[in-house]
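S.K.: Provided below for reference: sequence and predicted model.
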Amino acid sequence: MLQRYRFVFTPRWLLLTLAGVVVMVVCALLSQWQWGRAVQRAAANEVIQTSTESQPIDDTLPAAEGLDPDQRWTLVEATGVYDADQEVVLRAQTNDSLNGFEIVTPLVLADGTAVLVDRGFVPSENTGTVPDYPAPPTGEVTITGRVYEYEEASGGVTEVDGHLESRRLSIDMLGSYYDYEFRSAWIADIEPVEGLTRLETPTFKDWQNYSYAVQWALFAALVPLGWVTLVRRERKDLDEAAAVEDGETAASEAEAAESL
């Protein structure tokens, strides 16, 4: 039986087999990665759906400590004073399918540290300039906000009309413009003042990642099936070619015998 399939050890078939193994491994790794992404997104959705009570910011985002991944998307309560002179306007933002700007203001806490607060969204008026928006409240305020991780640095920061403008809320880009230490994440006010719209509640399509994971797993499973199909087809072609050759040989021998 094995003798009939010795052709799979020829250089052409060895290369084909190696290519199949590589494709199968890549598909399996992609499936695993997509599954991991799906699990992360499902966990984030659960946190967002179940976070109904806010916790003090000192418990959630302690000063001089990194962000605990488990605290992403939770609700926190922070008390402090807005630094209106150090406001940041985020350009080219989208909220509930509208294009516009997000207004971010540092909230200076009692210990001198600060947290960047996204006070809300203002739609664009298609003029290329930032429309008028309400100033932050004066004096001590207490806000409830959802915890967001800082974004990756991209683009630049400019100073326009007394405020900073950026496309990303990145502490790596903005930190040098301030004299105080920031907490390890920024928060979005869930009850912005009149004239600003709260950011839409984030949702993650974990079902898409689960679907992609299953698709990649199926692709990986199809590779050995395809290999077996090709081997059987090759064996069939070889058998048919051998049969034709045997028939031609028999005919030639019969013709030779008749001519004697």
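M.R.: Right, received. Where do you want to start? Computed from a predicted structure; not experimentally measured. Residues are numbered from 1 along each chain as shown.
S.K.: Just confirm Arg41 contacts Asn209, I think it does.
M.R.: Yes. Between Arg41 and Asn209 a contact is recorded at 6.2 Å, counting by CB atoms under 8 Å. C-betas here are computed from N, CA, C, even on glycine.
S.K.: quick one, helices of the stretch 101-250 of the chain?
M.R.: 171-174, 206-259 (DSSP state H, counting those that start in this stretch).
S.K.: buried residues in the shortest one?
M.R.: Think helix 171-174. Neighbour-count burial for helix 171-174, counted by 16 or more other CB atoms under 10 Å, picks out 171, 173-174.
S.K.: quick one: which of these is nearest Ser54?
M.R.: Taking CB to CB as the measure, Ile171 is the one of the buried residues of helix 171-174 closest to Ser54, at 22.4 Å.
S.K.: where's that closest one relative to Arg183, distance?
M.R.: Distance, Ile171 to Arg183, using CB to CB, to the nearest Å: 10 Å.
S.K.: so where's the chain shaky on pLDDT?
M.R.: 1-2, 127-128, 242, 244-260 (pLDDT under 70).
S.K.: and Ala153, what is it in contact with?
M.R.: Ala153 makes contacts with 168, 170, 172-173, as judged by CB atoms under 8 Å, 6 or more residues apart in numbering.
S.K.: partners of Ile143 in the sheet?
M.R.: Beta-bridge pairing of Ile143, defined through DSSP bridges, involves Ala78.
S.K.: Around it, count how many other residues there are.
M.R.: Residues within reach of Ile143, counting by other CB atoms under 10 Å, total 24.
S.K.: give the contact list for it.
M.R.: 77-78, 107, 117, 187, 189, 191.
S.K.: How about Arg146?
M.R.: So Arg146 contacts 48, 51, 73-76, 187-188, 190, 199, 201 (CB under 8 Å, 6+ apart).
S.K.: Tyr82 is in contact with Glu140, correct?
M.R.: No. Judged on CB under 8 Å, Glu140 makes no contact with Tyr82 at a distance of 9.5 Å.
S.K.: Just want to know which of the two has more residues nearby.
M.R.: A count of neighbours by other CB under 10 Å puts Tyr82 above the other of Glu140 and Tyr82, at 22 against 10.
S.K.: May I see the buried residues of the longest strand anywhere in the chain?
M.R.: The single longest strand within the chain, with elements called by DSSP state E, is strand 98-109. By 16+ other CB under 10 Å, the buried positions in strand 98-109 come out as 100-109.
S.K.: Does anything pack onto it? Which helices or strands?
M.R.: strand 75-82, strand 88-95, strand 114-123 (3 or more CB pairs under 8 Å, 6 or more residues apart in numbering; DSSP states H and E).
S.K.: Dump these into a markdown table; add distance to Trp13 as well.
M.R.: Putting those into a markdown table (distance: least, CB to CB, whole Å) gives the following:
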| stretch | distance to Trp13 |
| --- | --- |
| strand 75-82 | 60 |
| strand 88-95 | 52 |
| strand 114-123 | 60 |
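S.K.: In space, what's closest to the residue most central in space within the chain - neighbours in sequence excluded?
M.R.: By CA atoms, centre = their mean, the mean C-alpha position of the chain lies nearest to Arg37, the distance being 7.5 Å. Closest residue in space to Arg37, ignoring its immediate chain neighbours: Asn209 at 4.5 Å, by CB to CB, 6 or more residues apart in numbering.
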